[in-house]
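>>> Fold the following for me, if possible:
(3 chains)
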Amino acid sequence: MLTADVLARPAPEVAPLLLGAVLRNGPVAVRLTEVEAYAGRDDPASHAFRGPTPRNGVMFGPPGQLYLYFSYGMHWAANVVCGPDGTAGGCLLRAARVVEGVELAHERRHGVAERDLARGPGRLTQALGLRPEDRGTDLLAGGDLRLEAGSGEPFEVATGPRVGVSQAADVPWRFWVAGSRYVSAYKRSPRAP
DNA sequence: CACTAGATGCTCT
DNA sequence: GAGCATCTAGTGA
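This next block holds a predicted model:
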């Protein structure tokens, strides 16, 4: 089960546990297939590495909150805050399969293939209809926007380096469902050494 | 299919 | 003003 106690563990421990879990926002629900861990103050690739700012403040708060950030001019991406209250950490939700509300997700994602509805961080937030003001939502509080346990179907977890980061580019803190087609493509940052 | 280039605007220095 | 935890459309095989 994904309790606050579990999410209070370090992000690299929590990340594989999020695979297979369901994130719901009202009528649309997705099953997570790919996640990356960001370990806060000790992780040069993390937004929290240089300390708290207005943007990343929720990462320093209690676990289980939603952290949203804006990236590359056009996209929002979602994290689940991990680690104990007062310690920064989070898991970036990189990809998922839409399991409920497929029609609404298609409307939001205008004419793309079913496989691409939530394959990628920006696509995932768009398919779910997450908005900037959802930052800080407690995903364990049982609201319209919440984290649910998965169906328990067994699967293997694969690991590898994180996508698009220029710092700590070889740390294997990306986790995905082995063999799943609902996983984004790996792309190394052009700025990485 | 693989690979590349350019758009785009928030966030912090 | 520089730097991005990206996406899409375009090209070429």
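>>> can you list the residues of chain A near DNA strand B?
Proximity of chain A to DNA strand B, by C-beta under 7 Å from any atom of the strand, involves residues A:50, A:53, A:54, A:55, A:56, A:69, A:70, A:71, A:72, A:73, A:74. For the C-beta atoms, the positions are set from N, CA and C on the backbone; glycine is no exception.
>>> Can you name the residues bridging to the spatially most central residue of chain A?
Taking C-alpha atoms, centre = their mean, the centroid of chain A lies closest to residue A:93, which sits 1.6 Å from it. Beta-bridge pairing for residue A:93 (DSSP bridges): residue A:35.
>>> wouldn't residue A:91 be in contact with residue A:13 here?
No. Residue A:91 lies out of contact with residue A:13 (C-beta atoms under 8 Å); the separation is 10.1 Å.
>>> And these two? Which one has more around it.
residue A:91 (26 against 14; other C-beta atoms under 10 Å).
>>> which residues does the more buried one contact?
A:11, A:14, A:15, A:18, A:35, A:36, A:37, A:38, A:79, A:80, A:82 (C-beta atoms under 8 Å, 6 or more residues apart in numbering).
>>> Could you report the pLDDT at it?
Listed pLDDT for residue A:91 reads 98.
>>> that's a strand at it, yeah?
Yes. Counting by DSSP: H, G, I helix; E, B strand; the rest coil, residue A:91 is found in a strand.
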